[in-house]
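Q: This is the structure alone, sequence omitted:
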């Protein structure tokens with residue numbers, strides 16, 4: 001597996017575990033009659049709680065070493 005595939009699998013796993021869904025009311029299949037009349041049915045009522053994500057920025061100063069490059073003289 002290449003690195004992109006592994007990263008995609010890990011991201012998918014994280015996304016699937018980042019929320020919790022609780023079914024508050026069960027759904028119902030529509031009841032149909034052959035005479036084109038019927039009940040439309042009900043979709044289930046679902047309460048979804050997503051993960052709280054805080055995003056921010058922070059300014060930092062990083063010391064970078066001074067590098068001197070001496071090139072050999074051309075003859």
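A: In hand now; what should we look at? As the structure is a computational prediction, the values presented were derived from the model and not from experiment.
Q: rest of the way, CA atoms for contacts and neighbours
A: OK.
Q: In contact with residue 20, which residues are there?
A: Contact partners of residue 20, counting by CA atoms under 8 Å, 6 or more residues apart in numbering, are 48, 49, 50.
Q: Could you report the pLDDT at the residue nearest the centre of the chain?
A: In the chain, the residue lying closest to the centroid (CA atoms, centre = their mean) is residue 15, at 3.7 Å. For residue 15, the pLDDT comes out at 74.
Q: Is it in a helix, a strand, or coil?
A: Assigned by DSSP: H, G, I helix; E, B strand; the rest coil, the conformation of residue 15 is helix.
Q: That one and residue 9: what is the separation?
A: The gap separating residue 15 from residue 9 is 10 Å, by CA to CA, to the nearest Å.
Q: Could you tell me which residues touch both of those two?
A: With CA under 8 Å, 6+ apart, residue 15 and residue 9 have no common neighbours.
Q: okay, the contacts of residue 20 in a markdown table with secondary structure, distance to residue 71 and neighbour count next?
A: As requested, the contacts of residue 20 are arranged in a markdown table below (DSSP: H, G, I helix; E, B strand; the rest coil; distance: CA to CA, whole Å; neighbours: other CA atoms under 10 Å):
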| residue | secondary structure | distance to residue 71 | neighbour count |
| --- | --- | --- | --- |
| 48 | strand | 63 | 11 |
| 49 | strand | 61 | 11 |
| 50 | strand | 58 | 11 |
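Q: What is the nearest of those to residue 56?
A: Closest to residue 56 out of those is residue 50 (18.8 Å), distances taken as CA to CA.
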